[in-house]
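K.L.:
coordinates only, no sequence provided:
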Ligand SMILES: Nc1nc2c(ncn2[C@@H]2O[C@H](COP(=O)(O)OP(=O)(O)OP(=O)(O)O)[C@@H](O)[C@H]2O)c(=O)[nH]1
Ligand SMILES: [Mg+2]
């Protein structure tokens with residue numbers, strides 16, 4: 001699974017990325033600081049099954065368990081800023097758009113203060129809602145452009161699907177988009193206006209998007225963010241990527257104990273007066289907003305938009321461990337609707353070839369290859385030697 005961080009320049013995408021991954025990315029107060037995508041791994045929160053299953057602890061290998069919260073890895077990419085006209089190659093244009101071809105969902109990072117315009121330059125006030133609209137429009141025009149570029153060639157639904165296959169847009173998705181727009185494409189693709197309408201529907205289907213209304217720690221921003229949330233509804237998060245980054249760094253240094261996504265933290269080390277003052281301001285922000293918003297946005301995208309579930313493969317269904325005795329070592333994020341056989345394939349192709357069956361270790365029942373996995377399942381795959 002891959003999350004793409006997108007938006008106009010200078011909005012805090014790389015700050016969000018650094019906070020989410022703890023990978024150093026270049027951050028600066030001018031547009032186009034990022035000129036090529038930053039790829040990293042972030043985590044989604046899941047309740048670790050070790051405690052509900054009566055186990056004293058676990059031994060995560062690919063993930064982390066902090067006080068019963070499993071942090072399960074998910075890929076994330078921070079892409080260069082997008083400016084109006086990017087679909088025609090303006091700014092870093094196609095470079096931006098190419099880096100989200102593989103993304104399953106997007107987080108648009110926008111400036112809640114409204115103090116930077118769509119080109120990332122300082123301004124008096126650029127309404128966050130316009131920023132939200134502009135991005136969807138650019139994405140739609142990009143897709144419409146690909147469909148139109150193939151004019152003549154993209155005359156049928158099948159040919160349009162070939163043109164868009166690099167973006168993981170299927171023929172079915174194109175048909176669904178046409179239906180949503182009330183267009184009959186059985187005899188060929190519609191006119192330019194129809195293609196643009198379809199492209200908007202394709203964006204909604206293929207690129208589900210959450211909004212991180214960022215810089216919410218700055219004066220006036222919180223109010224703008226709340227207004228945006230009221231206007232657009234669910235999927236809008238009040239975010240301070242800067243606070244999340246500062247807290248994760250303070251946690252790494254041992255100054256505080258902080259689990260990403262929490263609405264508070266404990267002082268653990270010995271911060272000096274200046275650090276203590278800054279931490280108290282951040283504590284207030286977390287308490288008022290229920291967290292920094294970074295983890296909340298990621299969790300929403302994975303569970304709410306992509307429909308991810310977390311499963312725990314084990315080799316010993318009694319001890320819930322691998323052959324080394326490590327308890328619940330792996331936590332894997334898979335799309336809802338994944339079968340046991342698909343999980344076997346994901347673990348090892350050989351496993352799938354030699355697949356015999358599986359054991360649902362929580363319910364202590366035998367299940368077949370077409371059994372649908374549920375969130376939190378602990379599964380032992382049985383394969384022949
Ligand atoms: N107050 C505040 N400032 C922030 C926050 N996040 C980012 N910034 C500042 O916004 C500016 C831009 O941050 P970046 O992370 O480089 O933004 P970007 O969207 O990656 O920019 P490009 O790579 O140029 O597209 C920097 O000066 C950051 O310090 C935040 O949560 N609060
Ligand atoms: Mg950047």
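P.N.:
Received it, and whenever you're ready, just let me know what you need. Please read these numbers as outputs of a predicted model, since none were measured by experiment. Numbers count the residues shown, from 1 in each chain. Ligands and ions are numbered 1, 2, ... in the order given.
K.L.:
pLDDT (mean, whole number) over the longest helix seen in the chain?
P.N.:
In the chain, with assignment by DSSP state H, the single longest helix is helix 128-149. Across helix 128-149, the average pLDDT comes to 91.
K.L.:
angle of the helix or strand just after it against helix 128-149?
P.N.:
For helix 128-149, the following helix or strand on the C-terminal side (DSSP states H and E) is helix 157-164. Angle of helix 157-164 versus helix 128-149, following axes from the mean of the first three to the mean of the last three C-alpha atoms, to 10 degrees, is 120 degrees.
K.L.:
mind listing what's buried in helix 157-164?
P.N.:
Within helix 157-164, the residues scored as buried using 16 or more other C-beta atoms under 10 Å are 157, 159, 160, 161, 163, 164. Backbone N, C-alpha and C define where each C-beta goes, glycine included.
K.L.:
as JSON lines, those with distance to ligand 1 would be great.
P.N.:
Converted to JSON lines, the buried residues of helix 157-164 look like this (distance: C-beta to the nearest ligand atom, whole Å):
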{"residue": "157", "distance to ligand 1": "36"}
{"residue": "159", "distance to ligand 1": "35"}
{"residue": "160", "distance to ligand 1": "31"}
{"residue": "161", "distance to ligand 1": "32"}
{"residue": "163", "distance to ligand 1": "28"}
{"residue": "164", "distance to ligand 1": "26"}
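K.L.:
need the contact list for the residue of the stretch 251-385 of the chain found nearest ligand 2.
P.N.:
Using C-beta to the ion, the single residue of the stretch 251-385 of the chain nearest to ligand 2 is residue 294, 15.2 Å away. The contact partners of residue 294, taken as C-beta atoms under 8 Å, 6 or more residues apart in numbering, are 16, 19, 20, 212, 239, 241, 244, 260.
K.L.:
helix/strand/coil for the residue nearest to the last one when sequence neighbours are not counted?
P.N.:
In other words, residue 260. Take residue 260 and drop its neighbours on the chain: the residue closest to it by C-beta to C-beta, 6 or more residues apart in numbering is residue 295, 4.5 Å away. Judged by DSSP: H, G, I helix; E, B strand; the rest coil, the three-state class of residue 295 is helix.
K.L.:
flag every residue of this structure that's near ligand 2.
P.N.:
When proximity is defined by C-beta under 5 Å from the ion, the chain lies next to ligand 2 at 13, 14, 33, 34.
K.L.:
burial count for the first one?
P.N.:
This means residue 13. By other C-beta atoms under 10 Å, the residues close to residue 13 number 32.
K.L.:
OK, contacts around it?
P.N.:
5, 6, 7, 34, 78, 79, 81, 109.
K.L.:
now the buried members of the residues you listed.
P.N.:
Burial by neighbour count, 16+ other C-beta under 10 Å: within these this picks out 5, 6, 7, 34, 78, 79, 81, 109.
K.L.:
I'd guess residue 382 is in a helix, am I close?
P.N.:
No - with three-state DSSP as the criterion, residue 382 is strand rather than part of a helix.
K.L.:
can you pull out the strands in the stretch 51-200 of the chain?
P.N.:
For the stretch 51-200 of the chain, strands defined by DSSP state E, counting those that start in this stretch occupy the ranges 64-66, 69-78, 105-111.
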